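Undergrad: My questions concern the predicted model and sequence given below.
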Amino acid sequence: MRLGSGAFAAICVAVEVLGVAIFLRGFFPASVRSSSRAGLQAEPPAPEPLAGASSNWSKLPLPLFSKAVIVLIDALRDDFVFGSKGARYMPFTTYLVGKGPSHSFVAEAKPPTVTMPRIKALMTGSLPGFVDVIRNLNSPALLEDNVIRQAKAAGKRMIFYGDETWVKLFPKHFVEYDGTTSFFVSDYTEVDNNVTRHLEKVLQRGDWDMLILHYLGLDHIGHVSGPESPLIGRKLREMDGVLMKIHTALLTKERETLSPNLLVLCGDHGMSETGSHGAASAEEVRTPLVLVSSAFERKPDDIRHPTQVQQTDLAATLAVGLGLPIPKDSIGSLLFPVVERRPMREQLRFLHLNAIQLSRLLQENVPSYEKDPGFEQFMMAERLHGNWVKLHLEEDRSGALLNLGTKVARQYLGALRTLSLALSVHVAQYDIYSMAVGVIIVLETLILLLLSTPQVLHRRAELEMPLSSPLFSLLFYLMFLILSAIHVVVCTSAESSCYLCSLPWLVAGGVMVLVSALLCVIVSTLARMVMDSTSLWKSAAHPCSGWSEVGLLLLLGTVGHVLSLGASSFVEEEHQTWYFLVNTLCLALSQETCRSYFLGDDSELQRCFHTQPGTVGANCMQQACTACEASKPGQASKGLPSGARGGHTRWAVLAGPWLVLACCRLLRSLNHTGVQGAHRPDLGHWLTSSSHKMELSYLAALSLLVIFMLAQRGCSPMSKVALALGLLGVFCYRAAIGNLLFPWQPANKGISKGILEARFVYVFVLGILFTGTKDLLKSQVIATDFKVKTVGLWELYTGLVLLAALLLRPHNHPVLAFSLLIQTIMTKFIWKPLRHDVAEITVMHYWFGQAFFYFQGNSNNIATIDISAGFVGLDTYMEIPATLLTVFGTYVGPVLWAVHLAHFLSAEASSDSAMGCACFCYALICSVPVATYIILVTSLRYHLFIWSVFSPKLLYEGMHLLITAALCVLFTATDQTGHARPWTKMDA
């Protein structure tokens, strides 16, 4: 079977995406679970321990509070309540924290710090899996045991207003609800007004037991403007008024019922310095937790400072306060200050119920639970508790009873902390079987790509896949039987459920067929290579097969980057690796240009480059001979046409690498990213401050002008007009939403959502993309009209540039302008004159694409994803468009550089196999880091930083591979292998 090299690469990457998906499903584990599932009938509570007699307390204690109101303010950082912002904008809440009847805590949220997993943690007390970052976009119903389910089972009437995630997680649990869309981040007014408008009537009614309010406005302001926006203060003041209204209404109810109520103020996660969230920085994981009730009255001299607790502790505390069973999967501990004023017997009863629940969970998930220090502490506390109950029932009124009770309480609290920590450590249960299958598929695909590399480097337009040989058939059936037997054994004997075992047998059989086929193709390819080894190695040993210095640098740099992924510090600061590589590449290119000018042989250069004038990769073997001859002593490794050796062109070529180096240095100062430098002031922070809005406006206008000048040169007249109007619309959109100012516009002018302006730009984006697609389709019909294909690819590229200008924040417009400028410099003064081969040009595009991913402020931290890009021009939340726009806004750099590569090769390369070779090289250079990284994270799955550092990077790698598959499809679709084409003149 014969396949084009581009089509073969696209298929390999698609198969690799499947392998990575299976690996991710197994790697991101399920949390520890109780063997008694939520759907079963509730178990009776454990009786009170008693030495030598039967206890008279075997039921759940009565509720501590008659009503509970939970106010969850999305992205509420602890310093927004306990810091200077709280004192300034939330005076009533500050009074409650400092002098009122309250207990205050700093609740630590575990990563991933996004909404849906945090709601799970608050209501179940468990640690959700990291893959919930993806499920956050479309939350399924929560099947785990939780406070909401227990409250409904107890007959409590619950009302909810706010983020519709709750309605999806807890369907049919609320007697009344009104959900609001959580992802439409440009709305921070109506989204909260839709919650508050219900308060007046609900607080006057008495037909509810639990009221939950989830406010989203603060989070949306953070995503759009950051934590230093003046809108933050207004929103905090609004929330303070809401809390005052609720507290006043609850006090009025208490006078009627003479029983205390509970008001809970909490946040699901914090907010980073850039306004986002998802990672593990202190600003993202530290949230306030304030419990307010008349039962917490304190003396004037009673000063209570916020203490640090876990966010999962709220579930156990709410269950105890409402007289409900603690959720079975909870790993949280009861917040003891809530019950410390209750009689000693009730205190110990509450602590015992919590300890029993944690110890059972430990027994069901940890085989050697008897040796766990927490379990030993619990057993000791339970024995002491039994002695205390015995003394209490004997009506011992001596001081020994009080001292023993205090000792038992301390013992229980110590046991709770140790048990909770032990369960947190054992929270991960990896699906090793699914992980192994995913790793095997990825490695098989990578090996197949590596084995095919010699054919591609020797410019074979089509690759031979030995699928019909007898050896293939025999191996295939044998491997399929072996793998099927292994699958049956694993699925029938495994104690924990595996994802692949839960699939239908037909689907699982398809996976086994794929693994068997890939393995057989590899073996057959190796066998064919051994049989053809004589001719192959003779070709490989051709005297012209030497490496150029730039080629060697590209190889070593790529390998070095892959090896660096094994260290957490290098993953956190990966941007430094790419900055170093592109800077080193610029220096190497500068050396190459100097050598070509000052050390080259004119006659030899003219002989080599005028055989096929003006081509990139005209013929692989001729290119290889040229490189080899030029690398002989006294000759340059690359050469320049004689016409390029004089005048201004000479100095432009010599200055080209240094201009690129200067641009990269300027871009590094725009956005500091990573972990070590993210907090340092940079030009981006300076520009986005409210006092420098006019400077940002001038810089954005200049950047958009540069983008137009560089992007319009290859467009049709109609597309030029569309591009100009589109870029004007981009500036108008940013001015409408308040990011930029027109010179005549007052600074305090009201802002809007910019829906009309953004859609105005979308019209031109779609128009340019349609024109480019039409030209590409036309070029497929008229095979010899390569100019049409080149124009079509450039217009496709221009449409994406316009879309990127719309989605990127204004301070990142210079990044886009510099990207186009560097591409222009590299094309005119480096790639054309120095005539690098296709593989080198492809790797250079990949390197610069990765560098620009970080230049725009991205990192391997989920918090740097700008989700506001997904809602530009949308007035309602639409999942698919929002997801696509967010992904493109995040990966603007790699996508634009890859599309530019396709255009460059279409315009300049005269080899029929150039596009297929580029697709293959791009697929290979993306596959090597992915395959290496999944092996590394498998071996480091118990590393201290596996969730905070390695797991987010794994998600980024998976998404990058998916984008690579889409780009390979583009390369393959535009490849016209087999059609004759004239040589293309390279000189501009």
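TA: Alright, I've got the coordinates.
Undergrad: mind exporting stretch 886-898 as CSV, just the C-alpha atoms?
TA: Coordinates of each C-alpha in stretch 886-898 appear next as CSV, following Å, rounded to 0.1, in the frame of the first residue of the first chain:
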residue,chain,number,x,y,z
THR,A,886,-10.5,29.9,23.2
VAL,A,887,-8.2,27.2,21.7
PHE,A,888,-7.3,29.4,18.8
GLY,A,889,-6.7,32.4,21.0
THR,A,890,-4.3,30.3,23.1
TYR,A,891,-2.4,28.7,20.2
VAL,A,892,-2.2,31.7,17.9
GLY,A,893,1.6,31.4,17.7
PRO,A,894,1.9,27.8,16.6
VAL,A,895,-1.1,27.9,14.3
LEU,A,896,0.0,31.1,12.4
TRP,A,897,3.6,29.9,12.0
ALA,A,898,2.4,26.5,10.7
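Undergrad: Off-centre distance for stretch 821-838?
TA: Distance of stretch 821-838 from its chain centroid, counting by Cα atoms, centre = their mean, to the nearest Å, is 33 Å.
Undergrad: residue contacts, the closest residue to residue 450 other than its chain neighbours?
TA: Distance criterion Cβ to Cβ, 6 or more residues apart in numbering; nearest residue to residue 450, sequence neighbours excluded, is residue 924 at 7.5 Å. Just so you know, the C-beta spots here come from the backbone N, C-alpha and C atoms, and that holds for glycine as well. By Cβ atoms under 8 Å, 6 or more residues apart in numbering, the contact set of residue 924 is 9, 449, 450, 453.
Undergrad: where's residue 924, which helix or strand?
TA: helix 914-939 (DSSP states H and E).
Undergrad: repeat for residue 107
TA: strand 102-108.
Undergrad: right, and the pair among the contacts of residue 924 with maximum separation?
TA: 9 and 450 (12.2 Å; Cβ to Cβ).
Undergrad: quick one, which of these two is more surrounded?
TA: Each of residue 9 and residue 450 has its neighbours counted (other Cβ atoms under 10 Å); residue 9 has more, 31 against 13.
Undergrad: Leaving out the residues flanking it, which one is nearest to that one?
TA: residue 923 (3.8 Å).
Undergrad: Any figure for the gap between that neighbour and residue 963?
TA: Using Cβ to Cβ, to the nearest Å, residue 923 is found at 12 Å from residue 963.
Undergrad: Comparing these two, which shows the higher neighbour count?
TA: Legend: neighbour count by other Cβ under 10 Å for residue 923 and residue 963, higher for residue 923 (30 against 18).
Undergrad: Now the helix holding residue 924: average pLDDT?
TA: For helix 914-939, mean pLDDT is 93.
Undergrad: Pull out the buried positions in that helix.
TA: Residues of helix 914-939 classed as buried by neighbour count (16 or more other Cβ atoms under 10 Å): 914-934, 936-938.
Undergrad: same thing with stretch 695-702?
TA: So, applying 16+ other Cβ under 10 Å, buried residues of stretch 695-702: 696, 697, 699, 700, 701.
Undergrad: can you pull out the strands in the protein?
TA: Using DSSP state E, the strands of the chain run over 2-4, 68-73, 102-108, 158-163, 176-180, 210-215, 262-266, 286-292, 307-310, 462-464.
Undergrad: Which of those has the lowest mean pLDDT?
TA: strand 462-464 (a mean of 70).
Undergrad: hmm, back to that, the residue nearest to residue 9 is in contact with residue 11, isn't it?
TA: No. Under the criterion of Cβ atoms under 8 Å, residue 923 makes no contact with residue 11, lying 9.5 Å away.
Undergrad: where does the stretch 451-600 of the chain dip in pLDDT?
TA: Applying pLDDT under 70 to the stretch 451-600 of the chain flags residues 458-462, 465-472, 494-497, 533-546, 598-600.
Undergrad: same thing with the stretch 601-750 of the chain?
TA: 601-647, 745-750.
Undergrad: coming back round to it: mind putting the contacts of residue 924 in TSV, distance to residue 868 included?
TA: Below are those laid out as TSV (distance: Cβ to Cβ, whole Å):
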residue	distance to residue 868
9	34
449	37
450	41
453	42
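Undergrad: Isn't residue 882 up against residue 873?
TA: No. If you go by Cβ under 8 Å, residue 882 and residue 873 don't touch, sitting 10.5 Å apart.
Undergrad: Need the overlap of contacts for the two.
TA: Contacts common to residue 882 and residue 873, judged by Cβ under 8 Å, 6+ apart, are absent.
Undergrad: Tell me how this protein divides into domains.
TA: For the chain, the TED database gives the domain ranges 1-30+431-530+915-979, 69-340, 342-428, 549-599+650-910.
Undergrad: need the helices for the stretch 801-950 of the chain, in chain order.
TA: 813-826, 832-834, 838-855, 879-890, 892-908, 914-939 (DSSP state H, counting those that start in this stretch).
Undergrad: before we move on, what about the stretch 201-350 of the chain?
TA: 217-225, 230-257, 282-285, 313-321, 344-365.
Undergrad: what angle separates the longest one from strand 68-73?
TA: Comparing the axes of helix 230-257 and strand 68-73 via axes from the mean of the first three to the mean of the last three Cα atoms, to 10 degrees yields an angle of 180 degrees.
Undergrad: re earlier: out of the contacts of residue 924, flag the one nearest to residue 718.
TA: Nearest to residue 718 among those, with distances taken as Cβ to Cβ, is residue 9, at 34.2 Å.
Undergrad: residue contacts, the closest one?
TA: So residue 9 contacts 449, 916, 919, 920, 922, 923, 924, 968, 971, 972 (Cβ under 8 Å, 6+ apart).
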